[in-house]
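S.K.: when you get a sec, could you give me coordinates for this:
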Amino acid sequence: MRLRDVALFVPCYVDQLAPRVAWATVRVLERAGCRVHYDAEQTCCGQPFLNTGALPEATRLARRHAERFVGHDTVVAPSGSCVATVRRRFSELGVGAEGPDPQSRTRTFELAEFLVDELGVPELGARFPHRVAVLQGCHGLRDLGLGPGSEGGPDAPARRDVVSLLLDRVAGLERVEASRPDDCCGFGGTFAVKYPELSARMGRARMADFAAAEFVVGTDVSCLLHLEGLRARAGQGPRPVHLAEVLASGAET
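M.R.: Numbers count the residues shown, from 1 in each chain. Okay, the predicted model is just below:
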């Protein structure tokens with residue numbers, strides 16, 4: 001089997017707060033037939049600065065990010081929000097449209113969409129015998145089209161739920177459907193800092209909707225950490241876990 005070369009983009013908050021997700025991503029990609037390359041000099045893509053309007057700082061970080069990944073045909077990250085920043089928002093900063101590698105933004109993929117759209121849902125040998133609910137991240141859902149959004153209406157074009165497609169191939173896993181599958185969890189980056197009470201209220205609503213599950217699976221560590229904080233304070237509720245960790249479970253290493 002011909003190995004596909006993939007550059008691993010590890011978001012800064014994953015590196016600092018949940019490095020296990022980065023390692024799980026490596027295991028999943030290797031199981032999918034990829035040769036993974038990692039540049040230890042990569043840093044933040046600039047998303048937090050962009051979201052708060054600090055455009056000079058965001059532009060500097062975005063340019064550095066683009067420079068680190070020049071020459072790679074495929075870049076994969078376990079984060080819908082960071083990939084959405086690279087693909088959709090770098091252009092607002094004038095980054096990536098010119099230079100030595102003008103197509104680099106379009107070749108950056110979120111892990112789930114890469115596995116489904118680029119590799120065709122590979123067999124990963126994962127096993128996770130638990131009841132699982134899916135947390136649809138807002139950036140992945142609406143910026144990357146990782147699944148259908150309810151606000152689109154009956155005439156909106158159908159979109160595949162790539163996370164559920166992958167979970168349906170995990171042995172022993174039972175998906176639990178939420179009544180409001182695409183509501184925001186309330187994190188929203190700096191939104192949680194500016195409006196902590198509202199953020200927590202939205203998060204508690206999501207956790208209540210996931211009450212029948214043992215685990216909540218998502219594609220953004222930031223959202224999952226937000227829900228984990230609420231679960232810890234409440235002393236109950238399903239445990240948030242990243243998709244990469246589920247897909248790596250039970251797989252040979």
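S.K.: tell me the buried residues in stretch 53-69?
M.R.: By 16 or more other CB atoms under 10 Å, the buried positions in stretch 53-69 come out as A58, T59, L61, A62, R63, R64, H65, A66, R68, F69. Glycine gets a C-beta too; all of them are placed from N, C-alpha and C.
S.K.: beta partners of the residue nearest to E118 when sequence neighbours are not counted?
M.R.: Spatially, and ignoring its direct neighbours in sequence, E118 is nearest to F109 (6.5 Å; CB to CB, 6 or more residues apart in numbering). Assessed by DSSP bridges, F109 has beta-bridge partners V76.
S.K.: F109: neighbouring residues, count only.
M.R.: Burial of F109 is recorded as 22 neighbouring residues (other CB atoms under 10 Å).
S.K.: which residues touch the closest residue to R89 other than its chain neighbours?
M.R.: Using CB to CB, 6+ apart and skipping residues adjacent in sequence, the residue nearest R89 is L50, 6.0 Å away. Residues in contact with L50 (CB atoms under 8 Å, 6 or more residues apart in numbering) are A58, A62, T85, R89, E92, L93.
S.K.: those residues in helices, which ones?
M.R.: Within the contacts of L50, residues falling in helices by DSSP state H are A58, A62.
S.K.: how close does C185 get to S179?
M.R.: 15 Å (CB to CB, to the nearest Å).
S.K.: likewise for L50?
M.R.: For L50, the distance to S179 - CB to CB - is 33 Å.
S.K.: cool, and G149?
M.R.: 15 Å.
S.K.: higher neighbour count, the two?
M.R.: G149 (16 against 8).
S.K.: identify the bridge partners of the nearest residue to Y38 once chain neighbours are set aside.
M.R.: Leaving aside its chain neighbours, Y38 sits nearest to L8 (4.8 Å; criterion: CB to CB, 6+ apart). Legend: beta-bridge partners of L8 under DSSP bridges are V76.
S.K.: neighbours around L8, how many?
M.R.: 20.
S.K.: what's the answer for the one 5 residues further on, then?
M.R.: A count of neighbours around Y13, defined by other CB under 10 Å, yields 20.
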